[in-house]
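In: give me a model of this one.
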Amino acid sequence: MSKIYDDRTSGFKAPNLEHPRRRTFTEDCVTHVYVSGSAAFHRQALWHHIEKAGHTLSRFTDDGALLDAVHAYAPSAIVYEVPAEREGVMQFLTRVTELKHNACVLLLGPEIGAELVAHCLRYGAFDYLTVPVTAARLMTSIQSGLANRQAFRAARSLSQELAHSHDLLAGERNALKHWNQNLLALNHLTQVLTGSLDSRAIVQSLFTGLATLIPLDIIGLARTEPQQVMTWSRSALFNREEMQVRERLLRRVAIGAKARMPVQRSHRRSQAEAVLGEDCALSVSAPTLGDNGHTMTIPLNIGSSTQGVLHVERRLDVFTEVEFHVLSTVGTSLAVAFRNADTHKQIQQLASRDSVTELLNRRALEEILARECKTGSRYRTSACFLLVDVDYFKVVNDQWGHPAGDQVLRSLAVLMRTLVRDIDMVGRYGGEEFGIVLPHTDLASARVLAERLRRQIEHHEFEAGGGSVRLTASIGIAHIPDASIRSVSDWITAADTALYDAKALGRNRVVVDGPDQRVSVEAAALTLATP
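Out: Just a heads-up that it's a prediction; the model follows:
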């Protein structure tokens with residue numbers, strides 16, 4: 001049974017529904033057709049054919065009621081009588097379109113011309129039927145419209161699914177792009193860390209690269225050998241928290257190995273560690289998240305060797321599982337980098353040290369001379385070079401043996417190191433000959449030091465082979481700037497010449513390189529050569 005709705009009387013009520021709502025694509029088991037027009041329009045026998053074909057029919061005599069019904073319950077089709085005022089049909093089609101409906105709209109009216117019909121179709125009508133119209137023609141148009149609507153809804157549903165799939169793919173593509181960027185950044189950071197052999201450069205690269213890779217507010221780094229603590233914060237807002245991290249790490253470094261205790265390998269701190277608090281930072285043996293997820297501690301371990309600990313904090317967000325693994329990877333690379341740097345430093349020290357006295361060897365000493373020579377040439381700063389030779393040292397080796405001689409050389413090395421400043425460099429130049437580089441030292445000060453050293457050696461008893469021996473030393477001094485010294489070779493030659501002169505003058509003395517000194521030496525040499 002069909003119903004006629006007119007908002008001028010009782011108002012519109014959703015037809016045949018207890019709870020009005022829009023139909024979905026899957027609910028289209030019953031085809032609902034709205035018919036709108038005048039009373040005479042509704043009296044036509046056409047509508048009985050529609051109902052007989054199995055369609056549910058609702059009739060309207062007012063556009064307002066019809067539009068309310070379309071808005072509340074989208075019909076399958078709308079059969080609309082074109083009013084005498086042609087502008088009214090355009091207004092109706094526009095309002096229906098604004099409701100974003102998917103009903104098939106059929107217009108029934110007088111001949112209006114092809115141009116106006118085309119205009120109606122462009123505004124959303126599916127078909128325009130010229131009255132009078134037969135029931136067969138109307139049913140054919142309705143069936144065609146419903147089939148077209150079904151195809152449209154299927155296409156729209158597919159389009160929505162495609163759009164949703166596209167959004168998902170775009171999100172996954174962006175996530176993959178972001179992940180790829182993070183992997184590249186992580187790879188670059190690990191290469192930079194492990195590619196450097198300078199500990200200070202490693203720390204600088206860590207603070208710069210890690211804060212770029214993962215948003216962090218505070219970074220703390222503690223090293224066990226040498227004992228160092230370095231911190232970084234994103235801004236001055238975190239100065240107080242940064243100082244707290246620094247103090248905690250300093251306490252742990254000071255305690256050292258005594259404070260280390262084994263912990264269970266877990267992302268969370270063990271019960272024992274939780275009791276000790278954050279001061280247990282250096283005790284962890286595996287990457288560990290703090291209880292609140294805002295802090296993370298990464299031990300820098302290689303096997304049983306401990307390089308230190310990396311501590312990071314984020315004040316607002318917690319660390320994700322991905323960030324946990326990224327930071328763990330950085331910790332491994334950092335531990336390897338520090339081990340390589342330490343190994344390189346040890347190799348350099350071994351390569352630059354004399355095996356007997358542990359002083360600088362000749363090559364290292366000449367590198368220092370080259371540096372001071374370059375500095376003196378550029379800034380006209382004073383520096384002196386002392387060559388110290390033990391007098392008659394061959395007697396010690398001949399009488400007590402070379403082990404005893406080495407023992408004397410080691411004692412002599414300790415004596416010289418105690419007499420010079422921290423900035424002075426002492427090395428074994430060869431055999432029983434030693435070199436001392438005195439940066440920022442004038443000739444008068446160098447002479448005072450050399451004379452004090454000579455007296456200390458003269459009055460010192462050196463243990464040798466179970467006994468003791470007294471020794472003396474001859475010392476030659478050469479200083480820069482000097483017009484005759486233009487290279488390291490010239491500087492060494494000048495000091496060696498002064499040492500030779502000290503030997504020629506009778507040993508156990510200090511001689512400064514210079515023209516006046518050479519004259520006196522030559523006179524002494526002639527005296528010594530006379531029988």
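
In: in a helix, residue 325, correct?
Out: Yes - counting by DSSP: H, G, I helix; E, B strand; the rest coil, residue 325 falls inside a helix.

In: what's the burial count for it?
Out: By the measure other Cβ atoms under 10 Å, the count of residues near residue 325 is 12. For every residue, glycine as well, the C-beta is placed using N, CA and C.

In: which residues touch it?
Out: Contacts for residue 325 (Cβ atoms under 8 Å, 6 or more residues apart in numbering) come out as none.

In: could you do residue 490 as well?
Out: Residues near residue 490 by Cβ under 8 Å, 6+ apart: residue 484.

In: kindly report the same for residue 37.
Out: Taking Cβ under 8 Å, 6+ apart as the criterion, residue 37 is in contact with 61, 79, 80, 81, 108.

In: number of nearby residues for the residue nearest to residue 331 when sequence neighbours are not counted?
Out: Nearest residue to residue 331, sequence neighbours excluded (Cβ to Cβ, 6 or more residues apart in numbering): residue 298, at 3.4 Å. A total of 25 residues lie near residue 298 under the criterion other Cβ under 10 Å.

In: can you name the residues bridging to residue 298?
Out: residue 310 (DSSP bridges).

In: that one touches residue 309, doesn't it?
Out: Yes - contact criterion Cβ atoms under 8 Å: residue 298 and residue 309 qualify, at 6.9 Å.

In: which positions within the host helix or strand of residue 248 qualify as buried?
Out: According to DSSP states H and E, residue 248 maps onto helix 239-255. Along helix 239-255, these residues count as buried under the neighbour rule (16 or more other Cβ atoms under 10 Å): 242, 244, 245, 246, 248, 249, 250, 252, 253.

In: try stretch 35-48
Out: By 16+ other Cβ under 10 Å, the buried positions in stretch 35-48 come out as 35, 36, 37, 41, 42, 44, 46, 47.

In: which ones among those residues map onto strands?
Out: Mapping these onto strands (DSSP state E) picks out 35, 36.

In: which of the buried residues of stretch 35-48 sits closest to residue 237?
Out: For the buried residues of stretch 35-48, the closest approach to residue 237 (Cβ to Cβ) belongs to residue 36, at 67.4 Å.

In: next structured bit after the worst-scoring helix or strand of the chain on mean pLDDT?
Out: Taking mean pLDDT, DSSP states H and E as the measure, the chain has helix 271-276 as its least confident helix or strand, at a mean of 34. Using DSSP H and E, the helix or strand that follows helix 271-276 towards the C-terminus is strand 288-289.

In: for that following strand, what is the average pLDDT?
Out: Averaging pLDDT along strand 288-289 yields 90.

In: helices or strands up against it?
Out: Here strand 288-289 touches strand 295-302, going by 3 or more Cβ pairs under 8 Å, 6 or more residues apart in numbering; DSSP states H and E.

In: show me what the mean pLDDT comes to for the strand it packs on.
Out: Here the average pLDDT along strand 295-302 is 91.

In: ok, back up a step: residues bridging contact with residue 298 and residue 309, i.e. touching both?
Out: By Cβ under 8 Å, 6+ apart, no residue touches both residue 298 and residue 309.

In: is residue 435 bridged to anything, and to what?
Out: Under the criterion used (DSSP bridges), residue 435 bridges to residue 387, residue 427.

In: burial check on it, number of neighbours?
Out: Around residue 435 there are 24 residues (other Cβ under 10 Å).

In: now the residue nearest to residue 331: how far from residue 248?
Out: Relative to residue 248, residue 298 is positioned 15 Å away (Cβ to Cβ, to the nearest Å).

In: in terms of pLDDT, where does residue 305 sit?
Out: Reported pLDDT at residue 305 in the predicted model: 80.

In: that one: neighbouring residues, count only.
Out: Using other Cβ under 10 Å, the number of residues around residue 305 comes to 13.

In: the domain parsing of the protein - what is it?
Out: Structural domains assigned to the chain are 3-158, 196-350, 353-529, following automatic domain parsing.

In: distance from the first one to the middle of the chain?
Out: The chain centroid and the centroid of domain 3-158 are separated by 63 Å under Cα atoms, centre = their mean, to the nearest Å.

In: stretch 203-223 too?
Out: Using Cα atoms, centre = their mean, the offset of stretch 203-223 from its chain centre is 7 Å.

In: residue contacts, the closest residue to residue 357 other than its chain neighbours?
Out: Spatial nearest neighbour of residue 357, excluding adjacent residues (Cβ to Cβ, 6+ apart): residue 413 at 3.8 Å. Listed by Cβ under 8 Å, 6+ apart, the contact partners of residue 413 are 357, 358, 359, 426, 428, 434.

In: residue 390 now?
Out: Neighbour list for residue 390: 408, 412, 432, 433, 457, 471, 472, 473 [criterion: Cβ under 8 Å, 6+ apart].

In: as CSV, these with secondary structure, distance to residue 213 and neighbour count would be great.
Out: Below are those laid out as CSV (DSSP: H, G, I helix; E, B strand; the rest coil; distance: Cβ to Cβ, whole Å; neighbours: other Cβ atoms under 10 Å):
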residue, secondary structure, distance to residue 213, neighbour count
408, helix, 57, 23
412, helix, 53, 24
432, coil, 56, 21
433, strand, 54, 18
457, helix, 58, 22
471, coil, 61, 21
472, coil, 64, 15
473, strand, 58, 27
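
In: ok, the contacts of residue 413 vs residue 112, which is closest?
Out: Closest approach to residue 112 among these (Cβ to Cβ): residue 358, at 111.8 Å.

In: helix/strand/coil for the closest one?
Out: Looking at residue 358 with three-state DSSP, the answer is coil.

In: that's a strand at residue 463, yeah?
Out: Yes - looking at residue 463 with three-state DSSP, it is inside a strand.

In: mind checking how far it is from residue 508?
Out: Between residue 463 and residue 508 the computed distance is 21 Å (Cβ to Cβ).

In: comparing those two, which residue is more hemmed in?
Out: Set residue 463 next to residue 508 and count neighbours by other Cβ under 10 Å: residue 508 wins out with 18 against 13.

In: so what's the more buried one closest to, chain neighbours aside?
Out: In this structure, residue 508 finds its nearest non-sequential neighbour in residue 472, 3.8 Å apart by Cβ to Cβ, 6+ apart.

In: roughly how far apart are the residue nearest to residue 357 and residue 181?
Out: 56 Å.

In: residue 159 now?
Out: Using Cβ to Cβ, residue 159 is found at 32 Å from residue 181.

In: longest helix of the protein, counting residues only.
Out: Looking across the chain with DSSP state H, the single longest helix is helix 135-195.

In: the helices in the stretch 1-150 of the chain, which residues?
Out: 39-42, 46-52, 63-72, 86-98, 114-122, 135-195 (DSSP state H, counting those that start in this stretch).

In: looking at those, which is buried most?
Out: Of these, the one with the most neighbours on average (mean count of other Cβ atoms under 10 Å) is helix 63-72, at a mean of 19.

In: which helices and strands does that helix pack with?
Out: By 3+ Cβ pairs under 8 Å, 6+ apart, helix 63-72 packs against strand 3-5, strand 32-36, strand 56-60, strand 77-81, helix 86-98.
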